[in-house]
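[1] build me a model from this:
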Amino acid sequence: MRPRDPRRLLRRRRLARARVRIVRGPRATSDSEGGVTTKQVADVTVPRGELDRIWSAEYLERLARTYWRFLTRISLGLLRVVYTDHTREVVLLTRPFVLLRFQAPEYEVAPSRGAVTWRIERGVLVAPAGRGRGYLRIAVERPPDGGDMVTGRVTSEVANFYPMIAGWGWFGAIGRHVYRITQANLHVLITHAFLRSLARLDLAESRTGALRPTSPTTP
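    This is a model prediction of the structure:
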């Protein structure tokens, strides 16, 4: 394995505005019907003033957009996200190659927690039995303030997902194993990379701006 260049590590640390620690846990669980749930968790430590600046509904929406931007970047542009009024589609280069189609995001905003949920509709990667059943959710939890640094928890979860690659019927047992060693592992690696990327707090501008505050009208 090629040793890491310490100069690059120092440069990344200087650019970072937060510290990210991946919290290890179960990679994937499945139920008797074939639905798979994966969850990755990270603790993000930021200066309290910085957290106060970005703790708003607008920045929750920007965090959601940052996830899609990261997916496009890490795939070198092969994966793109198509926005419509009612859906978000992850496509391979362009339509009609829709890998995943989600419903429009649902937002939960509370003083100490925020979450955005995309419900899975269908797509090439979704088995027929899983259409309209699962969801992707990114959640952020803020602990009670204490000191100059605050550690929040960011969770990325795919729940009740029925992967097409896992198959069904007699092939299900074999297919679920194939899914775990291929698609599931890839998803975990990508999600961990996304969580680590949050150290720079470079949150993309939202495409829709649904939660962006409006300026008061001048009388």
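
[2] just say helix, strand or coil for Arg73.
    helix (DSSP: H, G, I helix; E, B strand; the rest coil).

[3] let me fix that, I meant to ask about Leu76.
    coil.

[4] before we move on, which element is Val154 in?
    Using DSSP states H and E, Val154 maps to strand 149-161.

[5] and whatever helix or strand comes next after that strand, what's buried?
    Once the chain leaves strand 149-161, the next helix or strand it forms, by DSSP H and E, is helix 172-179. Residues of helix 172-179 classed as buried: 175-176, 179 (neighbour count, 16 or more other C-beta atoms under 10 Å). All C-beta atoms are positioned from the backbone trio N, CA, C, and that covers glycine.

[6] in a helix, Leu60, correct?
    Yes - assigned with three-state DSSP, Leu60 falls within a helix.

[7] contacting residues for it?
    107, 109, 114-116, 140, 211 (C-beta atoms under 8 Å, 6 or more residues apart in numbering).

[8] repeat that for Glu106.
    By C-beta under 8 Å, 6+ apart, Glu106 lies in contact with 116-119.

[9] what do you get for Ala139?
    Contacts of Ala139 by C-beta under 8 Å, 6+ apart are 113-116, 154-155, 157.

[10] one more: Arg131?
    120-122.

[11] now, these that are in strands?
    Judged by DSSP state E, strands contain the following of the contacts of Arg131: 120-122.

[12] now render these as a markdown table, adding neighbour count, pLDDT and distance to Ile74.
    Below are those laid out as a markdown table (neighbours: other C-beta atoms under 10 Å; pLDDT from 0 to 100; distance: C-beta to C-beta, whole Å):
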| residue | neighbour count | pLDDT | distance to Ile74 |
| --- | --- | --- | --- |
| Ile120 | 23 | 96 | 21 |
| Glu121 | 20 | 96 | 23 |
| Arg122 | 16 | 94 | 24 |
